[in-house]
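[1] Need coordinates for the following:
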Amino acid sequence: MHLHLITAEDPLTLEARSQELIRFPQLTMPLLAALTPPDWRVTHTDEITHAVKLDLDCDVVGLTAATPGAPHAYDLARQFRARGRKVVLGGPHATLAPQEAAQQVDVVVIGEAERVWPRVLDDLRHDRRYPPGRHTLDAAIGFEVQATDGGALIYRCATPASLAGLPTARRDLIVNGGWNKWWATRGAIIATRGCPHQCDYCTIPWLYPRGRQMRFRPVEEVAAEVAAIPDKGIVFWDDNFGANPAYAKALCRALEPYNKWWTTQTTLASTADDEFLRLAARSGCKALFVGLESVNQDSLAGVSKSHNQVEDYRRMLERCHAHGLAVQAGVLFGFDNDDRDIFARTVDTLGGLGLDNATISLVVPYPGTPIYGKWRAEGRIIDADWRHYNGKTHVVYRPARMTPDQLLAGYEWAKTQFYAPGHIARRLAQSRTGLWWNIPRNLGYWRGLTSEGRARAALHAADQTALPHRY
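    Residues are numbered from 1 along each chain as shown. Prediction:
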């Protein structure tokens, strides 16, 4: 049996990110391949680097997609099913909207695959059918399959998977391409899953069974896998690497002998722990992604993220830079407490702090999250096209204190200011940290500023009665 796995990417998102110089490989499908029984032949297409071949001779197609990629994944599924292939869909959007997904494919997998995937493949191999309704497959772990009236099967396991003994991802299926010239690595890995927080806009608590319950791989297993990766660079695709300080420090100590370079995502609280920062730097950490989200404390409080305190941002950067760690911040525009001055405030504040880099996005109300439920109940969701839920190209809801056009134009203006060459130079001169990583990362975002985005930015500038400081 031949299984072909596809990491589906929305064309709009691909276009928006096409100029970035550093991007990291996704881990979902290489890990799913490792969970596949050895008598299956497995191949993989990552649409970041290669186009899908629809005439591929295979028995089963597995797709994973985030919300903006869902329509594209549905289109691929339709074309493969027309060619007689069975199609399985999992990933974030299928987990958040399983009934919708079930109308497009043969099988939907909700949440994690570890406990579910072998049974899915066995059922497909034997063309096993179920009558409409829910059927318990393993009551002890809450594993069930629902057969829809349309004939699709939805698999779900209510018990979180153990991360002990997790198989090594099939990194041979990660094909580097032009998108990865500056950091050519297949070293994607996870050490933990989950996050103890529940921010209103975040999907993490809803993607995993008991998503706020952190789980940890044994330190020795993570270290052994890192040691076996031939690449110098490692990216930990953890939701909150430093959530458990004792675990994070133990892992850093275990990584130190292997002389790797690595990066990961963590929260502001982790950066207050100088011992963690020291151990991370000694073990090869070069940069941390930290979800700051806003410089408006009221906006943070309004989405259940009061554990971030804006007054701590400067000290956080000083501590990280003192240990030689660069910081890439997540920044979001469009919270209900954001006024039209939020764009200039953000550029001025983060620029004055010497922030190394930022992923700047629009708030996206993903289905299944509290913010989506709230805004939908208020009649503020104005766009039902999932392709537009990418945080880059469209505003899909009605903001509280500005129009959708004003939000989009202000977002584009903030990017043009933050990634203006003079602003980059001033920030990095203040940081003086990880320039080998920071310069190409910043230049990638600068290159990604489109003519359409610049035109929107000009509209924002013209709309201001008192222009902020220009760089």
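[2] For the worst-scoring helix or strand of the chain on mean pLDDT, which outside residues touch it?
    None of the helices or strands of the chain scores lower by mean pLDDT, DSSP states H and E than helix 11-16, at a mean of 75. Here helix 11-16 makes contact (Cβ atoms under 8 Å, 6 or more residues apart in numbering) with 47-48, 68-69, 72, 387-388, 390, 392-393, 448, 450. (Glycine included, C-beta is placed from N, CA and C.)
[3] just curious, which of those is nearest to residue 272?
    Nearest to residue 272 among the contacts of helix 11-16 is residue 392, at 31.1 Å by Cβ to Cβ.
[4] Number of residues surrounding that closest one?
    22 (other Cβ atoms under 10 Å).
[5] Equivalent analysis for the one 3 residues further on, please.
    Neighbours of residue 395 under the rule other Cβ under 10 Å: 24.
[6] same check, this time on the one 4 residues further on
    Burial of residue 399, expressed as a neighbour count using other Cβ under 10 Å, amounts to 22.
[7] excluding its backbone neighbours, what's nearest it?
    Spatial nearest neighbour of residue 399, chain neighbours left out: residue 407 (5.0 Å); criterion: Cβ to Cβ, 6 or more residues apart in numbering.
[8] can you pull the alpha-carbon coordinates of the strand or helix carrying that neighbour into PDB?
    Assigning secondary structure by DSSP states H and E places residue 407 in helix 404-418. The C-alpha coordinates for helix 404-418 follow below in PDB (Å, rounded to 0.1, in the frame of the first residue of the first chain):
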ATOM      1  CA  PRO A 404     -11.600  46.800   8.600                       C
ATOM      2  CA  ASP A 405      -9.900  48.900   5.900                       C
ATOM      3  CA  GLN A 406      -8.300  51.100   8.500                       C
ATOM      4  CA  LEU A 407      -7.000  48.000  10.400                       C
ATOM      5  CA  LEU A 408      -5.500  46.500   7.200                       C
ATOM      6  CA  ALA A 409      -3.900  49.800   6.100                       C
ATOM      7  CA  GLY A 410      -2.500  50.400   9.600                       C
ATOM      8  CA  TYR A 411      -1.100  46.900   9.800                       C
ATOM      9  CA  GLU A 412       0.700  47.400   6.400                       C
ATOM     10  CA  TRP A 413       2.000  50.800   7.500                       C
ATOM     11  CA  ALA A 414       3.500  49.300  10.700                       C
ATOM     12  CA  LYS A 415       5.300  46.700   8.700                       C
ATOM     13  CA  THR A 416       6.700  49.200   6.200                       C
ATOM     14  CA  GLN A 417       8.000  51.300   9.200                       C
ATOM     15  CA  PHE A 418       9.300  48.400  11.300                       C
END
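[9] For that helix, buried residues please.
    For helix 404-418, a neighbour-count test (16 or more other Cβ atoms under 10 Å) marks 404, 406-418 as buried.
[10] same deal with stretch 59-72?
    Buried residues in stretch 59-72 (16+ other Cβ under 10 Å): 60-72.
[11] Tell me which two of those sit farthest apart.
    Longest span within the buried residues of stretch 59-72, Cβ to Cβ: 60 and 68, 24.6 Å.
[12] circling back: using CSV, write down the CA coordinates of whichever helix or strand comes after the least confident helix or strand of the chain.
    Following helix 11-16 in sequence order, the next helix or strand is helix 28-35 (DSSP H and E). C-alpha atoms of helix 28-35 as CSV (Å, rounded to 0.1, in the frame of the first residue of the first chain):
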residue,chain,number,x,y,z
THR,A,28,3.6,16.9,11.1
MET,A,29,3.9,14.7,8.1
PRO,A,30,7.4,13.4,8.8
LEU,A,31,6.2,12.4,12.3
LEU,A,32,3.0,10.8,10.8
ALA,A,33,5.2,8.9,8.4
ALA,A,34,7.1,7.5,11.4
LEU,A,35,3.8,6.3,13.0
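[13] by contact count, what packs against helix 28-35?
    For helix 28-35, the packing partners by 3 or more Cβ pairs under 8 Å, 6 or more residues apart in numbering; DSSP states H and E come out as strand 2-7, strand 41-46, strand 60-64, helix 117-125.
[14] tell me the most buried of these?
    Counting by mean count of other Cβ atoms under 10 Å, strand 60-64 has the highest mean neighbour count of these, with a mean of 26.
[15] what angle do that strand and helix 28-35 make?
    Angle of strand 60-64 versus helix 28-35, following axes from the mean of the first three to the mean of the last three Cα atoms, to 10 degrees, is 140 degrees.
[16] so how far is strand 60-64 off the chain centroid?
    Offset of strand 60-64 from its chain centre (Cα atoms, centre = their mean, to the nearest Å): 19 Å.
[17] Next: stretch 401-419.
    Centre to centre, stretch against its chain (Cα atoms, centre = their mean), the figure for stretch 401-419 is 22 Å.
[18] could we number from 15 for the rest of this?
    Understood, numbering begins at 15; the last thing we discussed is stretch 415-433.
[19] now that stretch: mean pLDDT?
    The pLDDT scores in stretch 415-433 average 97.
[20] which residues are contacting it?
    Against stretch 415-433 from outside (Cβ under 8 Å, 6+ apart): 347-348, 350-354, 356-358, 360-361, 364-365, 372, 374-376, 396, 408-409, 411-413, 437, 456, 459-460, 463, 467-468, 470-471, 473-475, 477, 484-485.
[21] Just the buried residues of the residues you listed.
    Among those, the ones that count as buried by 16+ other Cβ under 10 Å are 347-348, 350-352, 354, 356-358, 360-361, 364-365, 372, 374-376, 408-409, 411-413, 437, 456, 459-460, 463, 467, 470-471, 473-475, 485.
[22] Dump the helices and strands packed on helix 42-49 to JSON lines, plus mean pLDDT and distance to residue 247.
    Below are the helices and strands packed on helix 42-49 laid out as JSON lines (pLDDT from 0 to 100; distance: least, Cβ to Cβ, whole Å):
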{"stretch": "strand 16-21", "mean pLDDT": "96", "distance to residue 247": "19"}
{"stretch": "strand 55-60", "mean pLDDT": "94", "distance to residue 247": "17"}
{"stretch": "strand 74-78", "mean pLDDT": "98", "distance to residue 247": "23"}
{"stretch": "helix 131-139", "mean pLDDT": "97", "distance to residue 247": "28"}
